[in-house]
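> Take a look and give me a structure for this.
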Amino acid sequence: MRFNTWRTKLKLTAAGLMTALLLSGCSNMMVFDPKGPIAAEQKDLILITILLCLIIMIPVFALTAFIIFRYRDKPTNKAAYKPNWAQNHLLEAVWWGIPIVIIAILAVITVRGSYELEPSKAIESDKEPLVVQVTALDWKWLFQYPEQNIATVNHLYIPVDRPIRFELTADAPMNSFWIPQLGGQIYTMSGMAMKLHLLAEEPGTYFGSGANFSGKHFADMTFTVNAVSEEEFEAWVQQIDASSPELTIEGYEALAQPGTSETLTFSSFPENLFERTVTKYAAGGHGAHGGHQAHSSSAAEPHSHH
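Modelled structure (predicted):
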């Protein structure tokens, strides 16, 4: 009896240590450390989905282990062998009914979440959104600030507590723009101008990357996001404007060539560069647009809940 008690305690301790070990890995998962309202809502959706899945998985695994142990073949087994038996309607209702209910709940949550977190929806705020035009290149990211008339490569500065309206395209193979702690990813495609709204609630430095395989140096398509105060953002803009070179058409064409790049800043860029990048891949110069026109950065946009 004492041996069985200690064996039970040992099993429980091992299970507890395994659980702690598995959960400790979450501390380095950026999606579980949101720094903005969009990422926070997405984290809730992930956790709810995991919980609903565990409602099915834990009983199934527990019953599987119990059945293997309880009905294992052993010399002392004297139970009668009865391979032919009628179906049990109650059990069938349980193991079909519970998954159907959970799938229905997941469907409702997914549809509602997809609508509320639709990337093109503006974030409700009393501040005007900052427009950042994003172009995915081989293998680097070009960021243009049309209102400030500056551009950067592989790093972003954004003000805290101010909505950011990203307008995204590609002048290279399709990629996926992702800042895990601020929100979900969205594809960047040539000939299209996609739209994504995010907001940083806390100052800090965040990781961004391309999340779509795009060739030899796709792993180098990372960028840094610095969320700073409005005053620090304005000072950063003035610094770039005073000390950085201009981005010319020739310079852009060289930048667009396949290859990695260090962090760069430019005090200006060619007029309508983003729009020309979008439309260059469409016949007749009219590109397909995802949810808005390529020149929409100057258009008024209604505020709505994300």
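
> How about Tyr281, nearest residue that isn't a chain neighbour?
Counting by Cβ to Cβ, 6 or more residues apart in numbering, the nearest residue to Tyr281 once its immediate chain neighbours are dropped is Gly191, at 3.8 Å. Using the backbone N, CA and C atoms, a C-beta is placed for each residue, glycine as well.

> Surely the one you found is in contact with Thr277?
No: distance between Gly191 and Thr277: 9.3 Å, which falls outside the contact criterion (Cβ atoms under 8 Å).

> Neighbour count for those two, which is higher?
More neighbours surround Thr277 than the other of Gly191 and Thr277, with 24 against 19 (other Cβ atoms under 10 Å).

> wouldn't that one be in contact with Val134 here?
No: judged on Cβ under 8 Å, Thr277 makes no contact with Val134 at a distance of 10.6 Å.

> Show me the common contact partners of the two, please.
By the contact definition Cβ atoms under 8 Å, 6 or more residues apart in numbering, Thr277 and Val134 are jointly contacted by Thr169.

> where are the low-confidence patches of the stretch 201-306 of the chain?
Counting by pLDDT under 70, the stretch 201-306 of the chain shows low-confidence ranges at 283-306.

> can you give me the strands for it?
For the stretch 201-306 of the chain, the strands defined by DSSP state E, counting those that start in this stretch occupy 204-210, 222-228, 264-266.

> residue ranges for the helices of the stretch 1-150 of the chain, please.
2-24, 37-70, 89-116 (DSSP state H, counting those that start in this stretch).

> For Gln257, which of those helices is the nearest?
Nearest of these to Gln257, taken as Cβ to Cβ: helix 37-70 at 33.7 Å.

> And Val94, how close does it get to Val60?
12 Å (Cβ to Cβ, to the nearest Å).

> I meant to write Ile100 there.
Computed with Cβ to Cβ, the distance linking Ile100 and Val60 is 15 Å.

> do Gln133 as well
Spatial separation of Gln133 from Val60 under the definition Cβ to Cβ is 49 Å.

> now the strands of the stretch 201-306 of the chain in a markdown table, with distance to His89 and mean neighbour count?
Listed next are the strands of the stretch 201-306 of the chain as a markdown table, based on distance: least, Cβ to Cβ, whole Å; neighbours: other Cβ atoms under 10 Å:
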| stretch | distance to His89 | mean neighbour count |
| --- | --- | --- |
| strand 204-210 | 52 | 18 |
| strand 222-228 | 56 | 19 |
| strand 264-266 | 69 | 20 |
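
> just so I know, which of those lies nearest Lys78?
The closest approach between Lys78 and any of the strands of the stretch 201-306 of the chain, judged by Cβ to Cβ, belongs to strand 204-210 at 62.5 Å.

> Packing partners of that closest one?
Applying 3 or more Cβ pairs under 8 Å, 6 or more residues apart in numbering; DSSP states H and E, we find strand 204-210 packed against strand 175-179, strand 222-228.

> Ile50: which of those is closest?
Among the helices and strands packed on strand 204-210, the nearest to Ile50 by Cβ to Cβ is strand 175-179 (20.3 Å).

> C-alpha coordinates for stretch 139-148, PDB please?
Below are the C-alpha coordinates for stretch 139-148, written out as PDB (Å, rounded to 0.1, in the frame of the first residue of the first chain):
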ATOM      1  CA  TRP A 139      15.100  40.500 -49.200                       C
ATOM      2  CA  LYS A 140      14.400  43.700 -47.300                       C
ATOM      3  CA  TRP A 141      11.600  46.000 -46.300                       C
ATOM      4  CA  LEU A 142      11.100  49.600 -47.500                       C
ATOM      5  CA  PHE A 143       9.000  51.800 -45.300                       C
ATOM      6  CA  GLN A 144       7.700  55.200 -46.600                       C
ATOM      7  CA  TYR A 145       6.200  57.900 -44.500                       C
ATOM      8  CA  PRO A 146       4.200  60.000 -47.100                       C
ATOM      9  CA  GLU A 147       3.100  62.700 -44.600                       C
ATOM     10  CA  GLN A 148       6.700  63.100 -43.300                       C
END
